[in-house]
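>>> Attaching a predicted model along with its sequence, questions to come.
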Amino acid sequence: MWTLTWMIGLLLILLAIRVPVVVALFVPSLLYIALDPGAKWGVAAQQTISGVDSFPLLAVPMFILLGNIANVSGVSDKLFDAATALFGRVRGSLGYVSIASSFGFSWMSGAAISDAAALGRVQVPAMTKRGYSSSFATGITASASLIAPILPPSLPAIIYGVVGGVSVGALFVAGIVPALVLVTLLTVTVWWMMRKRDDLRLEPVHGSERWIPVLKALPPMGAAVIVLGGILGGAFTPTEAAGIGVAYMLVLSAFYRALTWKNIKTMLRSTAETSGVVMLIVAASALFGWVLTRERAPQLVAEAMLSITTNPVVFLLLLNILLLIVGAFMDVTPAILILVPLIAPMAGDYGLSPIHLGIVIIFNLLIGLLTPPVGLVLFVLSSVTGVSVQQVTKGVLPFFIPLLGALVLITYFPFLATWLPGLLGMGG
Amino acid sequence: MTEVAPWHPEFPERRSKLYRVLVRAEITVAAALLVALFALIILQVFTRFVLNSPLIWTEELGRFVFVWFVFVGATFVTAQRRGIVVEIVQARSTGRIISLMEGFAALVGAVVNGLLCYASIELSTGRAAQLAMPATGIPYPLLYLSAALGFALLTVHSVVNGVIALRYPSQYRERHVEVEAID
């Protein structure tokens, strides 16, 4: 237990003094090897490399690339136009449009930040121009961006699947109902906030004006059909589905005349950059996880937790509190990589499904994207819209009610996550 | 080439032509590896569904390319100081404390990366030197070379980042001011 204590303590101290997450993960692991007279340095490199020598992980850059191609191809504009044509007549319609656009874009993007950046650029100016407050516009855009990392393809689900040894396909499917729960609660909140705003209606559109934008938004959704259909039909692994999705979207962007040399360079560079940030942390956490396993840390943590409570409801409550705090300070990926090797083995002890636990962990940490001091979505939205971080934060506040409501439902009603994978014979 | 402030991700590149060439090379190689990854995945699907004769080496080669992609991709991200940092401590007044913290973090990074470079070399010259990947026949030392090269470059970038952090403490104040300016 002593080794575990000083390793975690050292990690936290390094993180607190602004040592990059990847370096902070390496330091305790290397110190552990240095203190072990029987260990060779080569093992550090071996464990680090083996952490990324994994075919399922190839899906990460492919799905990031898919989202980037969708972004430069103007898919976000098409989705926004389609949703506006469908829901424009309703009171406070652009609030619903924001949720619907996010929901559509989420089938192509696995990260909240790309969703917020792509849609915030289109939605927020359109909403403020039509009389919505900038805090409401950014608040709903930020909150709806959390649909992306829950709905397939979800990047946190891939990371959790690889680290926790859970089927990525099953996790993708498990995210669908929780994402629908979030969509429903956000919709109800928008209705409540907009119920007296009769001034916020758009002029009704009819005939071709209504259906042409909808038809234009359909081809990009083909990528979602390929990805999800391919995985569910057993034709592709998630990695292959991601590659085929990229190929489809490339053809589509060529058709849209968006496949310029400048755009190609932007897409490749941005994908390499995001992947570079994330994947070296995966490699570092593999070494960290190896040390933890060698020291029987998961068993020790499980014993300690079981001595506090054997009740799964209390365990989940403690988990919620822990993850919400961690999520406020740490990005989703490193948090999953550090915590999952310790938490996931406990699922069995409390009779929880690893798929349900994965969705709970991911959703808890995602809420941290909207809370200072490390609320990345807040900063991204502020940067693409020019609205102050304070205004964005203020705008997000009312949406914590549906977000926390969804969290409670997802946490304490496991069937929301496990029903669909079970129905499709993917476990649960 | 226009001058940029020290906090700008491309600051060291704008100051040194050699450094710019190095970072551009890292970006180009990472982008090329990404394209190769995509091509291998498509080839795997194509041979299985269209030719009905899947190749046995595409997955293994894909993993090999991916490992290289990870270690090369990490280098230019570090060079441009885009790594994930937990910012509990925020910049105040002069930015000196953050400067010292960032300098220390970069020093720790340089030591860690140097050590991992050594570990990768030890691994590739040890027992693994005689081994090869089963389907492609690629010698394992070639796989481990990715980490050795990646960590060597990360060491260089960490040192440069440390120097910038300590030499320009005002950059952290400037960044703070810039965020407020947007607000």
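Received the coordinates, thanks. Numbers count the residues shown, from 1 in each chain, chains lettered A, B, ... in the order given.

>>> going forward, measure contacts between C-alpha atoms and count neighbours the same way
Will do.

>>> For the stretch 201-350 of chain A, what lies in contact range of chain B?
Contact residues, the stretch 201-350 of chain A versus chain B (C-alpha under 8 Å from any C-alpha of the partner chain): A:236, A:239-240, A:243-244, A:268-269, A:272-273, A:275-277, A:279-280, A:329-331.

>>> Okay, and which of those map to helices?
If you go by DSSP state H, these have A:239-240, A:243-244, A:268-269, A:272-273, A:275-277, A:279-280, A:329 in helices.

>>> just curious, which of those is nearest to residue B:147?
Among these, residue A:280 lies closest to residue B:147 (C-alpha to C-alpha), at 10.4 Å.

>>> Grab the longest helix from chain B for me.
Longest helix in chain B by number of residues, with DSSP H as the criterion: helix B:17-49.

>>> tilt between the helix or strand just after that helix and helix B:17-49?
Towards the C-terminus, the helix or strand next in line after helix B:17-49, according to DSSP states H and E, is helix B:58-79. Note on geometry: by axes from the mean of the first three to the mean of the last three C-alpha atoms, to 10 degrees, helix B:58-79 and helix B:17-49 are set 160 degrees apart in direction.

>>> sorry, back to before: quick check: the farthest pair among the ones in helices among the residues of the stretch 201-350 of chain A next to chain B?
The largest distance within those, taken as C-alpha to C-alpha, falls between A:244 and A:329 and amounts to 35.5 Å.

>>> State the number of residues packed around the nearest residue to residue B:125 once chain neighbours are set aside.
The shortest distance from residue B:125 to any non-neighbouring residue, by C-alpha to C-alpha, 6 or more residues apart in numbering or on different chains, is to residue B:141 (7.2 Å). Other residues lying near residue B:141 total 23 when counted by other C-alpha atoms under 10 Å in any protein chain shown.

>>> Assign a three-state SS to residue B:141, would you?
Local secondary structure at residue B:141 is given as helix here, using DSSP: H, G, I helix; E, B strand; the rest coil.

>>> which ones are touching residue A:324?
If a contact means C-alpha atoms under 8 Å, 6 or more residues apart in numbering or on different chains, then residue A:324 has A:364-365, A:367-368 as its contacts.

>>> Restricted to helices, list those.
Among these, the members falling in helices (DSSP H) are A:364-365, A:367.

>>> Out of these, flag the one nearest to residue A:88.
The shortest separation between residue A:88 and any of those is 28.9 Å, and it belongs to residue A:367 (by C-alpha to C-alpha).

>>> Verify the stated contact: the closest one with residue A:325.
No. Between residue A:367 and residue A:325 there is no contact, the gap being 9.9 Å when judged by C-alpha atoms under 8 Å.

>>> More neighbours: those two, which one.
Remark: of residue A:367 and residue A:325, residue A:367 carries more neighbours, 23 against 16, as counted by other C-alpha under 10 Å.

>>> for that one, what are its contacts?
If you count contacts by C-alpha under 8 Å, 6+ apart, residue A:367 has them with A:146, A:324, A:327-328, A:403.

>>> hmm, 7 Å instead?
residue A:327 (C-alpha atoms under 7 Å, 6 or more residues apart in numbering or on different chains).

>>> quick one: pLDDT of residue B:176?
In the prediction, the pLDDT value recorded for residue B:176 is 44.

>>> whoops, residue B:183 was the one
In this prediction, residue B:183 has a pLDDT value of 27.

>>> Repeat that for residue B:19.
Looking at residue B:19, its pLDDT is 94.

>>> For it, the count of nearby residues, please.
Considering only other C-alpha under 10 Å, residue B:19 is surrounded by 16 other residues.

>>> Residue A:230 - nearest residue in space that isn't next to it in sequence?
Leaving aside its sequence neighbours, residue A:230 sits nearest to residue A:236 (C-alpha to C-alpha, 6+ apart; 5.2 Å).

>>> One more: residue A:376?
By the measure of C-alpha to C-alpha, 6+ apart, the closest residue to residue A:376 outside its immediate chain neighbours is residue A:369, 5.3 Å from it.

>>> what sits against the one you found?
Residue A:369 touches A:375-377, counting by C-alpha under 7 Å, 6+ apart.

>>> Now pLDDT, neighbour count and secondary structure too, for those, in TSV please.
Compiled in TSV, the contacts of residue A:369 are given as follows (pLDDT from 0 to 100; neighbours: other C-alpha atoms under 10 Å in any protein chain shown; DSSP: H, G, I helix; E, B strand; the rest coil):
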residue	pLDDT	neighbour count	secondary structure
A:375	79	21	coil
A:376	79	20	helix
A:377	88	30	helix
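
>>> closest to residue B:11 among the residues you listed?
residue A:376 (23.3 Å).

>>> Cross-check the contact I'm expecting between residue A:116 and residue A:145.
Yes. Between residue A:116 and residue A:145 there is a contact at 5.4 Å, judged by C-alpha atoms under 7 Å.

>>> Those two: which is more packed in?
residue A:145 (34 against 28).

>>> tell me which residues in the helix or strand of chain A with the lowest mean pLDDT are buried?
In chain A, the helix or strand scored least confidently by mean pLDDT, DSSP states H and E is helix A:297-308, which has a mean of 81. Buried residues in helix A:297-308, defined by neighbour count with 16 or more other C-alpha atoms under 10 Å in any protein chain shown: A:297-299, A:301-302, A:306.

>>> do the same with stretch B:27-38
If you call a residue buried by 16+ other C-alpha under 10 Å, then stretch B:27-38 has these buried ones: B:27-31, B:33-34, B:36-38.

>>> any idea how far residue A:296 is from residue A:334?
When C-alpha to C-alpha, to the nearest Å is the yardstick, residue A:296 and residue A:334 sit 21 Å from each other.

>>> which non-adjacent residue is nearest residue A:396?
Nearest residue to residue A:396, sequence neighbours excluded (C-alpha to C-alpha, 6+ apart): residue A:139, at 4.0 Å.

>>> interface residues of chain B facing chain A?
Along chain B, the residues adjacent to chain A under the rule C-alpha under 7 Å from any C-alpha of the partner chain are B:27, B:30-31, B:38, B:41-42, B:45, B:59, B:63, B:66-67, B:70, B:73-74, B:77, B:83-88, B:101-102, B:105, B:109, B:112, B:116, B:119-120, B:122-123, B:182-183.

>>> Number of residues surrounding the spatially closest residue to residue A:152 that is not a sequence neighbour?
Residue nearest to residue A:152 in three dimensions, not counting chain neighbours: residue A:172, with 4.8 Å by C-alpha to C-alpha, 6+ apart. Applying other C-alpha under 10 Å, we find 27 residues neighbouring residue A:172.

>>> Which strand or helix spans residue A:172?
Following DSSP H and E, the helix or strand that holds residue A:172 is helix A:168-174.

>>> helices and strands around that helix, which ones?
If you count contacts as 3 or more C-alpha pairs under 7 Å, 6 or more residues apart in numbering or on different chains; DSSP states H and E, helix A:168-174 packs onto helix A:155-164, helix A:415-423.

>>> could you redo the ones you listed as CSV and give each row distance to residue A:66?
As requested, the helices and strands packed on helix A:168-174 are arranged in CSV below (distance: least, C-alpha to C-alpha, whole Å):
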stretch, distance to residue A:66
helix A:155-164, 12
helix A:415-423, 24
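
>>> Return the residues in contact with residue B:140.
With contacts defined as C-alpha under 7 Å, 6+ apart, residue B:140 is in contact with B:128-129, B:131-133.

>>> swap the cut-off to 10 Å and go again
Contacts of residue B:140 were listed using C-alpha atoms under 10 Å, 6 or more residues apart in numbering or on different chains, and they are B:64, B:123-125, B:127-134.

>>> element containing residue A:141?
For residue A:141, the secondary-structure element it belongs to, assigned by DSSP H and E, is helix A:134-144.

>>> can you give me the mean pLDDT across that helix?
For helix A:134-144, mean pLDDT rounds to 94.

>>> Show me what it is packed up against.
Using 3 or more C-alpha pairs under 10 Å, 6 or more residues apart in numbering or on different chains; DSSP states H and E as the contact definition, the elements that helix A:134-144 packs against are helix A:93-106, helix A:112-129, helix A:176-194, helix A:376-385, helix A:389-396, helix A:400-412.

>>> quick one: contacts of the last one?
For helix A:400-412, the external contacting residues (C-alpha under 10 Å, 6+ apart) are A:139, A:143-144, A:146, A:175, A:177-189, A:312-313, A:316-317, A:319-320, A:356-357, A:359-361, A:363-364, A:366-367, A:370-371, A:399, A:413, A:415-417.
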